[in-house]
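Undergrad: show me how the following folds:
(chains A and B)
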Amino acid sequence: KAGVTQTPRYLIKTRGQQVTLSCSPISGHRSVSWYQQTPGQGLQFLFEYFSETQRNKGNFPGRFSGRQFSNSRSEMNVSTLELGDSALYLCASSSSYAIEQFFGPGTRLTVL
Amino acid sequence: DAKTTQPTSMDCAEGRAANLPCNHSTISGNEYVYWYRQIHSQGPQYIIHGLKNNETNEMASLIITEDRKSSTLILPHATLRDTAVYYCIVRVAPGSNYKLTFGKGTLLTVNP
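TA: Down below sits the predicted model:
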């Protein structure tokens, strides 16, 4: 069974630009969550999607948005990039009511 | 979700048992204890979870005190590949909320 995949793995952008990251969950998983990891703040929850609906949201500004498609694949978008958005962005998927979440390898975003 | 307290770092000799403590004195009756680990530059990996009974799986054992205010994750025979940051998380069982709140975790270094 293929794991969670994230593309791209590495990305370099400049301030003011926008970026879209993609996550393909494990087949059959309908929940997809996104996390941001930085050295200073650690792992922080961004949002979770379930059956194309945002079900939970963390404390991030509106520049961070996401969506989920009918095949459960998810994208997150960050507009007007700031230097502080440089981070590892992790995606996790889970089946309904499952205890375990499976994380992808992450996308390393660098904002210059 | 209840707050957890873990030591910042621990060392363990290869082949010996690694015992990672976690304090969660404000845990509620319906909250579980979860453990995840993150090997450098990879996504977090689920290890084990428990409510009040001790649990064991192929990766580790989880010992929860009778008052549930603390727990210990035990890796019975630590290997170099177990070097990682270990996160103790307390939360209710997932139903409509898959958010995980990560703390700083414990950096476990397994030495040869």
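
Undergrad: C-alpha only now, for contacts and for neighbours.
TA: OK.

Undergrad: burial count for B:Arg81?
TA: With neighbours defined by other CA atoms under 10 Å in any protein chain shown, the count for B:Arg81 comes to 10.

Undergrad: where does it sit: helix, strand or coil?
TA: Here B:Arg81 takes the helix state, with states given by DSSP: H, G, I helix; E, B strand; the rest coil.

Undergrad: ok, what's across the strand from the residue nearest to it when sequence neighbours are not counted?
TA: Nearest residue to B:Arg81, sequence neighbours excluded (CA to CA, 6 or more residues apart in numbering or on different chains): B:Val110, at 7.9 Å. B:Val110 has these beta-bridge partners by DSSP bridges: B:Cys12.

Undergrad: and if you look at A:Cys23?
TA: A:Gln6, A:Ser74.

Undergrad: quick one, what contacts it?
TA: A:4-7, A:73-75, A:91 (CA atoms under 8 Å, 6 or more residues apart in numbering or on different chains).

Undergrad: and the gap between it and A:Arg63?
TA: Per CA to CA, to the nearest Å, A:Cys23 is found 18 Å from A:Arg63.

Undergrad: what parts of chain A come near chain B?
TA: Counting by CA under 8 Å from any CA of the partner chain, chain A comes close to chain B at A:31, A:33, A:42-45, A:47-48, A:55-56, A:90, A:96-106.

Undergrad: would you map the strands across chain A?
TA: Secondary structure of chain A (DSSP state E): strands at A:5-7, A:10-13, A:19-24, A:31-38, A:42-50, A:53-57, A:64-68, A:74-78, A:87-94, A:102-103, A:107-111.

Undergrad: so which of these is the most surrounded?
TA: strand A:87-94 (a mean of 27; mean count of other CA atoms under 10 Å in any protein chain shown).

Undergrad: name the strands paired with that one and say parallel or antiparallel.
TA: strand A:31-38 (antiparallel), strand A:102-103 (antiparallel), strand A:107-111 (antiparallel).

Undergrad: do you know the pLDDT at A:His29?
TA: Note on A:His29: pLDDT of 92.

Undergrad: in this structure it contacts A:Glu100, no?
TA: No. A:His29 is beyond contact range of A:Glu100, at 11.3 Å (criterion: CA atoms under 8 Å).

Undergrad: so where's the chain uncertain?
TA: Since no chain was named, I'll use chain A. A:1, A:97 (pLDDT under 70).

Undergrad: sorry, I should have been clearer: chain B.
TA: In chain B, residues with pLDDT under 70: B:1-2, B:94-97.

Undergrad: and the one residue sitting closest to the centre of chain B, which helix or strand is it part of?
TA: Geometric centre of chain B, nearest residue: B:Trp35, 3.3 Å, by CA atoms, centre = their mean. Using DSSP states H and E, B:Trp35 maps to strand B:31-38.

Undergrad: which secondary structure elements does that strand contact?
TA: Judged by 3 or more CA pairs under 8 Å, 6 or more residues apart in numbering or on different chains; DSSP states H and E, the packing partners of strand B:31-38 are strand B:45-50, strand B:84-92.

Undergrad: beta partners for the residue positioned nearest the centre of chain A?
TA: Against the mean C-alpha coordinate of chain A, by CA atoms, centre = their mean, the closest residue is A:Trp34 at 3.4 Å. In this entry, A:Trp34 is beta-bridged to A:Phe47, A:Cys91, by DSSP bridges.

Undergrad: kind regards, and thank you for your time.
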